[in-house]
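Visitor: Below is the sequence, then the predicted model.
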Amino acid sequence: MHQSVLLNEVIESLGVCPGGIYVDGTVGSGGHAEAILRASSPDGRLIAIDRDVDAVGRSGGRLSVWGERCRIIHSDYGDLKAVVNGMGIAEVNGVLLDLGVSSEQLDTPGRGFSFQSEGPLDMRMDQGQSLTAAQVVNTWPETVLADTFYQYAQETRSRRIARAIVEARSGAPIATTSRLADVVARACGGRTGKIHPATRVFQALRMAVNDEMGILVRGLESGLQVLANGGRMVVISFHSGEDRCVKTCFREHAGRWESLPQGGSAWVGRRPAVKWVHRRVVVASENEREDNPRARSAKLRVVERDDRCGVDPTV
Ligand SMILES: C[S@@+](CC[C@H](N)C(=O)[O-])C[C@H]1O[C@@H](n2cnc3c(N)ncnc32)[C@H](O)[C@@H]1O
């Protein structure tokens, strides 16, 4: 089963307390969700969202013991505000996003997320979506493929790999994870180091198929919009591009005071205003990193909505 990362740090950073209303935008197997429900006992509530119907079913079974306190919704966290408001709730006390892919998704060959096992080139988080990894690999132009590999995974051999894919697909469509892994490995001159040469390509394809960066930008805004004053947003990312996006968004909402030419100063920033709860990024302890390899690249950032930010204290 998926091992939730930074579990204690999430509960502490969210400031979970009884009576609060929380949103887990990426419920997965429900590990963080369960901890939030426990820490907010006896009457805290949780709205749990996932884009993957299998995750909704799995977490639904696990969290059913919490009864009315927990609602599980099949949706996209990019629409978090609409989901929450649609339930008649105007504001919440905390929002959690634990980005990326779950162990169950990676370990199910039929989902096509991993090159470690033979499966169809699928990679859809939402099984109802039409775009699959096979369509991307077999129809996108060579330059777009190369840009995708470079932009989402900093793959420096992106052009060579894209050319090899286009050549291979002109014979027969690339339909399986193993064939794609083979084509990439051959383009890179075979396997040399510890990391499989297809690792970055698979990551970039998953991000493209699921529009992960686009949804992250929407989800961050949506989450901040629905926070009550004093409410917190916690995001765990596993990829430098995602972390940069989180940092930039939070920094813009944290704002800053700028001196004016005519004297005095003005606050420049986006509303709702937030303040940083931890200035530095939170990472997993040595113990957790040893115990759970996924935790090694986890980065947690947290902000708190503060409507007094940007308000002149003398007014
Ligand atoms: C790392 S797992 C979450 C694990 C979870 N925190 C736990 O403790 O079990 C990420 C989950 O986010 C889901 N997900 C990815 N993108 C999503 C999106 N845009 N909206 C909702 N869920 C999404 C995936 O389906 C996956 O189940």
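Guide: Received it, and whenever you're ready, just let me know what you need.

Visitor: was I right about residue 148 contacting residue 202?
Guide: No - Residue 148 lies out of contact with residue 202 (C-beta atoms under 8 Å); the separation is 11.8 Å. (Each C-beta comes from the backbone N, C-alpha and C, glycine too.)

Visitor: Between these two, which has more neighbouring residues?
Guide: Using other C-beta atoms under 10 Å as the criterion, residue 148 and residue 202 rank with residue 202 on top: 24 against 21.

Visitor: For the more buried one, give me its contacts.
Guide: 113, 114, 115, 123, 177, 180, 181 (C-beta atoms under 8 Å, 6 or more residues apart in numbering).

Visitor: Who are the packing partners of the helix or strand harbouring the last one?
Guide: So that's residue 181. Here residue 181 sits within helix 177-187, counting by DSSP states H and E. Helix 177-187 sits against helix 158-171, helix 199-209, with contacts defined as 3 or more C-beta pairs under 8 Å, 6 or more residues apart in numbering; DSSP states H and E.

Visitor: could I get those as CSV with mean pLDDT and distance to residue 96?
Guide: Below are those laid out as CSV (pLDDT from 0 to 100; distance: least, C-beta to C-beta, whole Å):
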stretch, mean pLDDT, distance to residue 96
helix 158-171, 97, 33
helix 199-209, 97, 20
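
Visitor: what's the most buried one of those?
Guide: Of the helices and strands packed on helix 177-187, the one with the most neighbours on average (mean count of other C-beta atoms under 10 Å) is helix 199-209, at a mean of 23.

Visitor: ok, then the element right after it?
Guide: Helix 199-209 is succeeded, C-terminally, by helix 212-226 (DSSP H and E).

Visitor: for the residue in the stretch 201-315 of the chain positioned nearest to the ligand, what are its contacts?
Guide: Closest residue of the stretch 201-315 of the chain to the ligand, C-beta to the nearest ligand atom: residue 215 (4.4 Å). Neighbouring residues of residue 215 by C-beta under 8 Å, 6+ apart: 76, 77, 78.

Visitor: Give me the local confidence score for it.
Guide: Residue 215 carries a pLDDT value of 98.

Visitor: do the one 3 residues further on as well
Guide: We have a pLDDT of 98 for residue 218.

Visitor: Pretty sure it sits against residue 82.
Guide: No - between residue 218 and residue 82 there is no contact under C-beta under 8 Å: 10.7 Å.

Visitor: Without its sequence neighbours, what residue ends up closest to residue 310?
Guide: residue 267 (3.4 Å; C-beta to C-beta, 6 or more residues apart in numbering).

Visitor: for stretch 3-14, which positions count as buried?
Guide: 4, 5, 6, 9, 10, 11, 13, 14 (16 or more other C-beta atoms under 10 Å).

Visitor: Please, where are all the strands along the stretch 1-150 of the chain?
Guide: 21-24, 45-50, 70-74, 92-98 (DSSP state E, counting those that start in this stretch).
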